[in-house]
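**Q** Pasting the sequence and the predicted coordinates here, then a few questions.
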Amino acid sequence: MIKYFLCIFLGLLIFNLSFAQNIDIQEDIKIGFVCKLEKKILKNSEYNYQTFLAKDLNEKNLEKFEIDSKKPEKLLINGLSMFLSKNTKLDVKVVNKNIVLFKAFDEEKNYSESGIINRESGELVHEVTKDIKSDNFKKDISFYKCS
């Protein structure tokens, strides 16, 4: 449990640092992962950051999650969601030998998806935020173990 909070904390820290430098691609990589859902945290009108284990959810694992980056600024994310697979204009793109960090917004800036994967440990955190401009925004944070 502590490693998840540490991962979220590091992700938020890296996000804050990356806003000063939204694009920092240091590695050319083309890798694929198979990821197993471990847990999900939901925040909406029904749940207030409630945690659900994978066994309690009716959701699938990621069978084909791919990252393709090329210096100086190309980063493509496929297999995590349709939104990210179709979006080539990521707002935040950070790739180094340890982590891949990304964030994208829709045109209205009312929907966002972000993620961070530790390439060494295989831990992936994927966050989806809907209705950002609303007081009743919805957040879905998924934790995966990838290999």
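**A** Good, I have the coordinates.
**Q** Low-confidence ranges, the chain, go.
**A** The model of the chain has pLDDT under 70 over residues 1-21.
**Q** what are the ranges of the helices in it?
**A** Under the criterion DSSP state H, the chain contains helices at 2-20, 82-86.
**Q** from the chain's centre, how far out does the shortest one sit?
**A** Yep, that's helix 82-86 we're talking about. 12 Å (C-alpha atoms, centre = their mean, to the nearest Å).
**Q** residues making contact with it?
**A** When contacts are defined by C-beta atoms under 8 Å, 6 or more residues apart in numbering, helix 82-86 is touched by residues 77-79, 90, 102, 104, 106, 111, 113, 115. The C-beta positions use only the backbone N, C-alpha and C, and glycine is treated the same way.
**Q** A54 - how many residues pack around it?
**A** By the measure other C-beta atoms under 10 Å, the count of residues near A54 is 16.
**Q** center of this structure - which residue?
**A** G115 (1.5 Å; C-alpha atoms, centre = their mean).
**Q** For the closest residue to that one other than its chain neighbours, give me its contacts.
**A** Leaving out its chain neighbours, the residue that sits closest to G115 by C-beta to C-beta, 6 or more residues apart in numbering is H126, at 4.5 Å. Contacts for H126 (C-beta under 8 Å, 6+ apart) come out as 80-81, 113-115, 141-142, 144.
**Q** and of these, the nearest to K30?
**A** L80 (15.5 Å; C-beta to C-beta).
**Q** helices or strands up against the top strand by length along the chain?
**A** If each strand of the chain is counted by residues according to DSSP state E, the longest one is strand 29-43. Here strand 29-43 touches strand 48-53, strand 62-70, strand 138-146, going by 3 or more C-beta pairs under 8 Å, 6 or more residues apart in numbering; DSSP states H and E.
**Q** The last one vs strand 48-53, what angle?
**A** What it means is strand 138-146. Following axes from the mean of the first three to the mean of the last three C-alpha atoms, to 10 degrees, one obtains 30 degrees for the angle between strand 138-146 and strand 48-53.
**Q** Before I go, just wanted to say thanks for your time.
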